[in-house]
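> I'll drop the sequence and a predicted model, then ask my questions.
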Protein chains: 2
Amino acid sequence: MGRAALSPDAVVDLALRVVDEEGPDALTLSAVAGRAGVATPSLYKHVRSLAELRVLVSGRVMGELTEIASEAVLGRSGDEALRALMDGWRSYAARHPRRYSALIQAPRPETAEAGDRLIGIMFAALRAYGLEGSAAIHAVRCLRAAMHGFAVLEAAGAFRLAEDLDESHALLAHMVISGLHTARER
Amino acid sequence: MGRAALSPDAVVDLALRVVDEEGPDALTLSAVAGRAGVATPSLYKHVRSLAELRVLVSGRVMGELTEIASEAVLGRSGDEALRALMDGWRSYAARHPRRYSALIQAPRPETAEAGDRLIGIMFAALRAYGLEGSAAIHAVRCLRAAMHGFAVLEAAGAFRLAEDLDESHALLAHMVISGLHTARER
DNA sequence: CTGAAAGGCTAATGGCATTAGCCAATGCGC
DNA sequence: GCGCATTGGCTAATGCCATTAGCCTTTCAG
């Protein structure tokens, strides 16, 4: 084996740095190669294409989000778990806005496993509400939509007014929670 | 003036067609030029750059969304108005998923006016709840997050299970509404 | 009828992804 | 210690795209 200064993981590390510092649109093979101190075509020894690199980056971000989410839910249940999950999610996105923007929504086989774990955590966070079958699925979808919507907008800087974002987010959590508590008699 | 076969608006029309048929990533000056039956550089007589074209496309989409939203709210109030707004929003995004994905979140001066009108409609939809000052702003943010999150995920095909999406969306609306009704005593 | 501007064109430049094919170092099996 | 396959780097070449420069024709205002 030649000297392994680089590896697929190392390439993804560098890619994440590019994303964090210059935004997702600046994620380019030549930018990564520049940071690696290597000629662009050399990256193809570690990564199949730019498209694949994007998927790998997205997978890494999903993994980080999964870690945050599972810590948030651990040892909590019910409203408390849900609030912690939502807060953790939001704070990750706020701390790493460009990274969050690099998340790929469209389902891809390569990130399916990471995505499923994330969804699994949401199900777990909702366990205390005793939702059966379809009801749990609808609830997870709504939770996902709420968290993702808020995160995307905040990351993009779309909330321009001075009002406290923590308070806005607390209201969002309240909506989800109160909606779940009153979902039966709809 | 030379024969005006093309115009900025016409270019945006063609761009929208490209987006609808091939997705936002396929929006390229040369693709638009191809459809216009014109050489790529000729487009620069109508549009400053690809970046500007994207902004124009986004503005057009915002305009369409504004129209849908204002129709939905017209003549309704309270829960009914809110549900109609959310349904209209979702159905636009579902009908034109790629177009919806071409919406630019980051605030830009060029689309500020269109964006403000859209926000204005959300405020109007919430009028019946009697929210004062900051409370209204937090509510609009949450409404936006919920609608946008659901729309993005649905447009990206991120909801993969067979469960009825109408029902999921109805639950989301229920969350927003019930959260608003119980927001005082938080 | 004239001339200026509008709107099209071709040519040229430079960034980027990707492919092909070359070469050096490395470390495994002997 | 040693040969050699593999690994991982390199350069060269291709092709697509955005963008700029500079030209030419058509059209319309006066």
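Received, thanks.

> what about A:Gly130, how many neighbours?
Counted by other C-beta atoms under 10 Å in any protein chain shown, the residues lying close to A:Gly130 total 8. For glycine as for every other residue, the C-beta is placed from the backbone atoms N, C-alpha and C.

> give me phi/psi at it?
Listed backbone geometry of A:Gly130 is phi 60, psi 40, with angles given as degrees, to the nearest 10.

> Next: A:Leu6.
Recorded main-chain torsions at A:Leu6 are phi -110, psi 160, according to degrees, to the nearest 10.

> tell me the contacts of it?
Counting by C-beta atoms under 8 Å, 6 or more residues apart in numbering or on different chains, A:Leu6 touches A:Ala36, A:Val38, A:Ser42, A:Leu43, A:Lys45, A:His46.

> Of those, grab the buried ones for ChimeraX.
Isolation of the buried members of the contacts of A:Leu6 (16 or more other C-beta atoms under 10 Å in any protein chain shown) is achieved in ChimeraX through the command below:
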select /A:36,38,43,46
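
> I'd like the contacts of A:Leu6 written out as TSV, with distance to B:Leu29, secondary structure and pLDDT added.
Formatted as TSV, the entries for the contacts of A:Leu6 read as follows, by distance: C-beta to C-beta, whole Å; DSSP: H, G, I helix; E, B strand; the rest coil; pLDDT from 0 to 100:
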residue	distance to B:Leu29	secondary structure	pLDDT
A:Ala36	31	helix	97
A:Val38	31	coil	97
A:Ser42	31	helix	97
A:Leu43	28	helix	98
A:Lys45	33	helix	97
A:His46	32	coil	97
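
> Which of the contacts of A:Leu6 sits closest to A:Asp164?
A:Ala36 (41.5 Å; C-beta to C-beta).

> Correct me if wrong: that closest one contacts A:Val47.
No - no contact is recorded between A:Ala36 and A:Val47 when judged using C-beta atoms under 8 Å, the distance being 11.1 Å.

> Need the residues touching each of the two.
A:Val11.

> in the strand or helix carrying A:Glu80, what's buried?
Using DSSP states H and E, the element containing A:Glu80 is helix A:78-95. Using 16+ other C-beta under 10 Å as the test for burial, helix A:78-95 gives A:79, A:81-90, A:92-93.

> from these, which is closest to A:Met122?
Comparing those against A:Met122 with C-beta to C-beta picks out A:Leu85 as the nearest, at 7.3 Å.

> can you tell me which residues contact the closest one?
Neighbour list for A:Leu85: A:Ala69, A:Ala72, A:Val73, A:Ile121, A:Met122, A:Ala125, A:Leu143, A:Met147 [criterion: C-beta under 8 Å, 6+ apart].

> Please tell me how far it sits from DNA strand D.
39 Å (C-beta to the nearest atom of the strand, to the nearest Å).

> Look up the pLDDT of that residue for me, please.
Here the pLDDT value assigned to A:Leu85 is 98.

> Where in chain A is the helix or strand with the lowest mean pLDDT?
helix A:112-125 (a mean of 96; mean pLDDT, DSSP states H and E).

> Could you confirm whether it reaches chain B?
No - interface with chain B: helix A:112-125 contributes nothing (C-beta under 8 Å from any C-beta of the partner chain), its closest point being 8.5 Å away.

> Check which element follows that helix along the chain.
Proceeding N to C from helix A:112-125, the next assigned helix or strand is helix A:134-155, under DSSP H and E.

> helices or strands up against that following helix?
Applying 3 or more C-beta pairs under 8 Å, 6 or more residues apart in numbering or on different chains; DSSP states H and E, one finds that helix A:134-155 contacts helix A:78-95, helix A:97-101, helix A:112-125, helix A:165-181, helix B:134-155, helix B:165-181.

> Nearest to DNA strand C, out of these?
Closest of those to DNA strand C is helix A:97-101, at 16.7 Å (criterion: C-beta to the nearest atom of the strand).

> From B:Ala102, how far off is the closest residue to A:Ala151 other than its chain neighbours?
With sequence-adjacent residues excluded and distances taken as C-beta to C-beta, 6 or more residues apart in numbering or on different chains, A:Ala151 is closest to A:Ala93, at 3.6 Å. If you measure A:Ala93 against B:Ala102 using C-beta to C-beta, to the nearest Å, the figure is 22 Å.

> in chain A, which helix has the most residues?
When every helix of chain A is counted residue by residue (DSSP state H), the longest turns out to be helix A:50-73.

> Quick one: residues contacting the residue nearest to A:Ala151.
A:Ala93 makes contact with A:Tyr100, A:Ala151, A:Val152, A:Glu154, A:Ala155, according to C-beta under 8 Å, 6+ apart.

> Now do the same contact list for the closest residue to A:Glu167 other than its chain neighbours.
In space, not counting the residues next to it along the chain, A:Glu167 is nearest to B:His138; the distance is 5.7 Å by C-beta to C-beta, 6+ apart. With C-beta under 8 Å, 6+ apart as the criterion, the residues that contact B:His138 are A:Glu163, A:Glu167, A:Ser168, A:Leu171.
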